[in-house]
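Trainee: Predicted coordinates and the sequence they were generated for:
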Amino acid sequence: MTRQASLTLTVLCALAGAALAQQPNMPGPSPEHKKLAYFAGTWNSEAEMKPMGPFPGGKSTGTDRAEIFPGGFFLVIRSSGTSPMGPIHELEVMGYDAKEQVYTFDSFDNAGEHEVYKGAVEGDTWTWTGTSDFGGHMFKGRFVAKVVSPTVYTFRFDYSPDGTAWTNIMEGKATKKE
């Protein structure tokens, strides 16, 4: 490398460093984002599903492996388990939308379904609502999780044809393994 090329490279690197130093810092996670950390870890769950139309009721079990995504804004969950309808595999992403001031929940499963829920937390209770497709049947869904301790939460899932009168179709408990 010639002396001129070396000098040019040094000047360019200095200018780039100065430009980067003047850029605003990336924002960090808000207190709302940090609340998602409660769900980080490995959780085992058991639930009882009630029959709904052509779908059988029965026991459901699962394991969620959840971790905070780099940056601290999202929680990524990989779930697997069994239900009365067969094996369940899901990829879920939880976050917080500061513009709308709501928690977000996106779920993708082995049945090809993608569900989008929005929620809030009040005290020890998290509540998400959205529209679900259950075997081609569209309905409003509500998932409620109540924190019992640092290692236990209870949950339920309710449905409604129109989002006004809710019917419970699943109740369960999750226990943190690690």
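Mentor: Received, thanks.

Trainee: was I right about T175 contacting T151?
Mentor: Yes. At 6.3 Å, T175 counts as touching T151 under the criterion of C-beta atoms under 8 Å. All C-beta atoms are positioned from the backbone trio N, CA, C, and that covers glycine.

Trainee: residue boundaries of the strands in the protein?
Mentor: Counting by DSSP state E, residue ranges of the strands within the chain are 41-49, 58-68, 75-83, 86-97, 102-109, 114-122, 125-134, 137-149, 152-160, 167-176.

Trainee: The most centrally placed residue in the chain: what's its closest spatial neighbour, skipping adjacent residues?
Mentor: Most central in the chain under C-alpha atoms, centre = their mean is M94, positioned 2.5 Å from the mean C-alpha point. Take M94 and drop its neighbours on the chain: the residue closest to it by C-beta to C-beta, 6 or more residues apart in numbering is L75, 4.3 Å away.

Trainee: Tell me how far S149 lies from D133.
Mentor: Applying C-beta to C-beta, to the nearest Å, the value for S149 to D133 is 34 Å.

Trainee: Of the two, which one has the most company?
Mentor: Ranked by neighbour count (other C-beta atoms under 10 Å), S149 and D133 place D133 first, with 14 against 9.

Trainee: Which residues does that one form beta bridges with?
Mentor: Counting by DSSP bridges, D133 forms beta bridges with M138.

Trainee: My guess is the residue nearest to M94 contacts Y96. True?
Mentor: No. The criterion here is C-beta under 8 Å, and L75 misses it with Y96 at 9.8 Å.

Trainee: Now for those two: what residues contact both?
Mentor: Here L75 and Y96 have L36 as joint contacts, going by C-beta atoms under 8 Å, 6 or more residues apart in numbering.

Trainee: Alright, calling it a day.
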